[in-house]
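J.: next one to model:
(2 chains)
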Amino acid sequence: MNTKKRRMTDLPGRIRRILVALDASQQSQAALETAAAMAERMQAELEAMFVEDIDLLHLADLPFAREIGFTSASRRLLDSAAMARAFRVRAGQARAMLESIAAKHKIASSFRVTRGNVLTELLAATETVDVVAVGTSGHKLGRGQQAGSTYTGMLESCRCSVLVLQEKITPGDAVVVLFDGSDESVRGLELARSMAASHEDPLSVVLLTRDADIEKLQQQALEYVGATADVDIRALPVSQLDQLPAILNITKCGVFLVPRSISQTIDLLDIERLAHLRCPVMLLS
Amino acid sequence: MKNTKLEPAQLYTACDPAQFKFKSTAELPDQEEVIGQTRAVDAIRFGIGIEQEGFNLFALGPSRSGKQTVVTRFIERQAAEQPEPPDWCYVDNFTDAHKPKALSLPTGMGSRFQQSMEQLVQELRTAVPEALESEEYRARLQEIEEALNEKQEQAFEKLHEEANAHGIAMLRTPTGFAFAPTRKGEIIKPEEYKTLSEDERNDIEAAVDALQVQLERLIQEIPKWRRQMQDEVKQLNRDVIMSAVGQLIDEMRRQYATLPDILTYLDAVQQDVIDHADQFRQTEEGMQLLPGLMLPGTERQTSFLNRYSVNVIVDHSESSGAPVVYLDNPTYPNLVGRVEHQAQMGALVTDFTMVKPGALHQANGGYLLLDARKILMQPYAWEGLKRVLQSHEIRIESLGQMLSLISTVSLEPEAIPLDVKVVLLGERFLYYLLCEYDPEFSELFKVAADFDDMVERSDDNNQSFARFLGTLARQDKLRALDTGAVARIIDHSARMVEDSEKLSSRFGKIADYLREADYWAGQASREQITAEDVDQAIDAHDKRLSRIRERLQEETQRGTLMISTEGEEVGQINGLSVMQLGDYAFGHPSRITARVRLGKGEVVDIEREIELGGPIHSKGVLILGGFLSGRYCPEQPLSLAASLVFEQTYGGVEGDSASSAELYALLSALSGIPLKQSLAVTGSVNQLGQVQAIGGVNEKIEGFFEVCRNHGLTGDQGVLIPGANVKHLMLHKDVVEAVSQGKFHIHAVNTIDEGIEILTGVPAGERDDRGNYPAESVNYSVEQKLAAMAEHAHEHEEKADD
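T.: Got it, this is the predicted structure:
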């Protein structure tokens, strides 16, 4: 394996731009940090977006509109001017957050503000990016229209890869990829190899076996990573998917690449299942 | 006339070297016991034996008399048979950090306990983080957190579903939540809302209002759920850490099972570790002390773990018997201990590890020796000592706090019970001052060990003295003494106390002479110290201090100071006085003159008139009036005016040792009979004419002798001394030699009559049966003169009346 650090521009399947939605909350700051680390690893640009939710502006115009504080539970009158002002303040905070974190990771960044439906705006923005980063927690509202709903909507409709970020995890430095021999998993393997090589990070390949011969799958994987490559290869029968969190823990996973097709097949899109993995998961499209 | 001259043998009582059966003090065993001092020794034995409250000791006596040595020896002997006292430690008080707790442990276990705690902390450093990093702990912690999350999520989910059921959506705003009506899954726009009927709008608003109320209640519940979760986490921490800590602490509990205070402390440690489990986690993240200044994580943890250390302030692991402590510098903090502080970022910080013990802690359970003068001179030290003795506990408190000079929060270490015997060492006047002016002193120091200035001069004590000198020579690595040197030092010891029948107990001073004699022996290349070396030491010591004496002698020789040593004068006599300059005393004659005339019976002391005479001196002069009026013309008033003065004396005069000389001068002035100037007089007189003993007799005689020698000895010169002072004579060998050769004389007189006969050569005279003095006697002349004065006075009065 060529151990020299290579520019990502020379590598196939390069990720150039990562999009993250910000609302200046602590959760979005944590997501931004992780996304920035990913961008640094991939030598990608980080684009942050603040969406002024049109629904909130409409709500603010309604005569009975009231806001219940997150922690104070106090009831406050809403009006559109105040809402617009609040958006401006949050947008400013989000911009400052992005600039600070981008500087820290020495990555290029851009910031924009749009107004509209959150999911619609985000989906529109994904047209020009390679990866969109979403969080799973929202504000602990559980499954509902807002938090968590963005995640679900993105997964269902987004055509680019989705980087799923969780709170309160400390990722390792290994690049781990799920491989089942499909074309999509081959592309995922190539991307994983590129990402690992760019920072000389460890590479780990998890062979998802159904009825396929493990040795054959392994051989196939090695063809793509290089026979002499220093790579960790593990087998994971589909029937033993519950061992996946342990494997990711042992390999000290920094990012787990999962082809979208596999994720749908094994129902890895479930939020709770993803939460057990305890590392960022990139669903590759 | 009675023979009053003293023989040379009476002038100096020499110690006979032949009584010693050794050739050198090197042959002698050490002198273990103190010489004489029976009273003091009995008092010490009693004082250190009695165990009642308030029976501390005060060893009083002259300085350098060996009080400390004697007391220490007795105490050490007693202490050796007593058990060692317990060790004492200070530990952190977890509930009130500024009141450290005191723990008592059996002797020698203090440092062991300290090491045990250090080891425990080291083990906890790994055991606690391991417990908190374990899979089990993480999993259970996560379960608890998940349970809260689930609860919250379910509650919100339920609310959300209810909102949905009413066609309401729950939205997240920048700072909270809001409810908005929906139509076909979309939020109703304001213009659309306006098109709704009033009933529809009312329903929507009612539903929103109800949902808002529910949401408020839900959000208000969340803190309670969080607290419950925290309680569960605390309990989890407790359980997990207990399993790690409990075993370690149980092992210590077994080691110290018989010490209930230690067990209580270990319980507190266990609880504290549980309560502060987070502090045991290794963290790279430090703590910011100031902008730009970080306390690294490891330092922070070390600083925290200090709370489990043990400050051993009294460690008797290497002691044998009860402690005996002599505190050389008895300041208040040195006595009761202190709390030290450390400067950190401009503030003074402290904790229980900075409590330092004082001498009272070290001596607790034993004995503490202090110099009385030193402790009285230290601010608040004496008061502090009395307070601890009265309260029976040692409480460490800074003077600043006591005096309210500082009001910052400092430590208040728990008081430690005190059981100590205190021995003060000091001079007599300190003891009596304290008795007189400090009412608490007598309650706390009930035993006085009175060290005498002198001991009996006996054969046994001479032998003891020789052994003492031998011991001292060995201790100070001096040459041994031969018998002559021993005898000479014994003689000088008697001279030091001005008593031929006594020996001085100022062994410190004697030791100095011994050291000096050793020097002179070295100069003379001798292997042993001889009498000659001792003489040289004494002479050299005096020479070093005799500048003033020599000046006076010189001025007397030159005639500046008028002293006659031959011839006769009426109303004039040589008196004798002693000057004390530091540690050196010498005698010198003074001319005393008396003048009389008609008056009202007053004897004027000119020194008293101009306030140069002290009260005792004035008393002596006033007694003269009583003598005159008692002896002469008892039926007539005393009608003289007499004046007495010490000529050429411009400093103060005190004492009555010259009162007999003054009386002789007065009698001479009254009788007109001259007094021999070749004689000097010393002696106090009472109203009955009896001559009383005085002090400094040796110095006075030697002073006049030197003047006479400088003028030229005529064979007529001498000194009259009181008969009661003969036993005090230890005169210089030059004087003794001169007396032996008949060139100088010492007369011992007991009455004025004896003295006046020697001074005038005229009989004093005794009254016959008719009460008359013989015509050729001094008393007759005096009485005649006084009677004439009385007659004249009477005539004068009659004339005045007319």
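J.: when you work out contacts or count neighbours from here on, use the C-alpha atoms and nothing else.
T.: Will do.
J.: okay, now B:G185: neighbour count?
T.: Residues lying near B:G185 (other C-alpha atoms under 10 Å in any protein chain shown) number 12.
J.: residue contacts, B:R597?
T.: Applying C-alpha atoms under 8 Å, 6 or more residues apart in numbering or on different chains, one finds that B:R597 lies in contact with B:640-642.
J.: report the buried members of the residues you listed.
T.: Neighbour-count burial (16 or more other C-alpha atoms under 10 Å in any protein chain shown) applied to the contacts of B:R597 gives B:640-642.
J.: identify the residues contacting B:F704.
T.: B:576, B:587-589, B:680, B:719.
J.: element containing the residue nearest the centre of chain A?
T.: The centroid of chain A falls nearest to A:L163 when counting by C-alpha atoms, centre = their mean (1.6 Å). Assigned by DSSP states H and E, A:L163 belongs to strand A:161-165.
J.: what's next to that strand, contact-wise?
T.: The contact list for strand A:161-165 (C-alpha under 8 Å, 6+ apart) reads A:31, A:34, A:130-136, A:154-155, A:279-285.
J.: out of the contacts of B:F704, who's nearest chain A?
T.: Each of the contacts of B:F704 was checked against chain A using C-alpha to the nearest C-alpha; the closest is B:G587, at 97.7 Å.
J.: output the host helix or strand of the closest one as PDB, restricted to C-alpha atoms.
T.: Assigned by DSSP H and E, B:G587 belongs to strand B:584-598. C-alpha atoms of strand B:584-598 as PDB (Å, rounded to 0.1, in the frame of the first residue of the first chain):
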ATOM      1  CA  TYR B 584      32.000  42.800  88.600                       C
ATOM      2  CA  ALA B 585      32.100  44.500  92.000                       C
ATOM      3  CA  PHE B 586      34.800  46.400  93.700                       C
ATOM      4  CA  GLY B 587      35.200  48.500  96.800                       C
ATOM      5  CA  HIS B 588      36.500  52.000  97.300                       C
ATOM      6  CA  PRO B 589      36.700  54.400 100.200                       C
ATOM      7  CA  SER B 590      34.700  57.600 100.500                       C
ATOM      8  CA  ARG B 591      35.400  60.500 102.800                       C
ATOM      9  CA  ILE B 592      32.500  61.000 105.200                       C
ATOM     10  CA  THR B 593      32.300  64.300 107.100                       C
ATOM     11  CA  ALA B 594      30.000  65.500 109.900                       C
ATOM     12  CA  ARG B 595      29.300  69.000 111.200                       C
ATOM     13  CA  VAL B 596      27.300  69.900 114.200                       C
ATOM     14  CA  ARG B 597      25.800  73.100 115.700                       C
ATOM     15  CA  LEU B 598      23.000  74.200 117.800                       C
END
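J.: that strand pairs with which strands?
T.: Applying DSSP bridges, strand B:584-598 is found paired with strand B:572-581 (antiparallel), strand B:640-646 (antiparallel).
J.: OK, contacts around the one residue in chain B that gets nearest to chain A?
T.: Evaluated by C-alpha to the nearest C-alpha, chain B has B:G176 as its residue closest to chain A, separated by 4.2 Å. Going by C-alpha under 8 Å, 6+ apart, B:G176 touches A:67-70.
J.: and the gap between B:L263 and B:P86?
T.: 17 Å (C-alpha to C-alpha, to the nearest Å).
J.: before we move on, back to that, weakest of the strands paired with strand B:584-598 in terms of mean pLDDT?
T.: Per-stretch mean pLDDT for the strands paired with strand B:584-598 is lowest at strand B:640-646 (a mean of 85).
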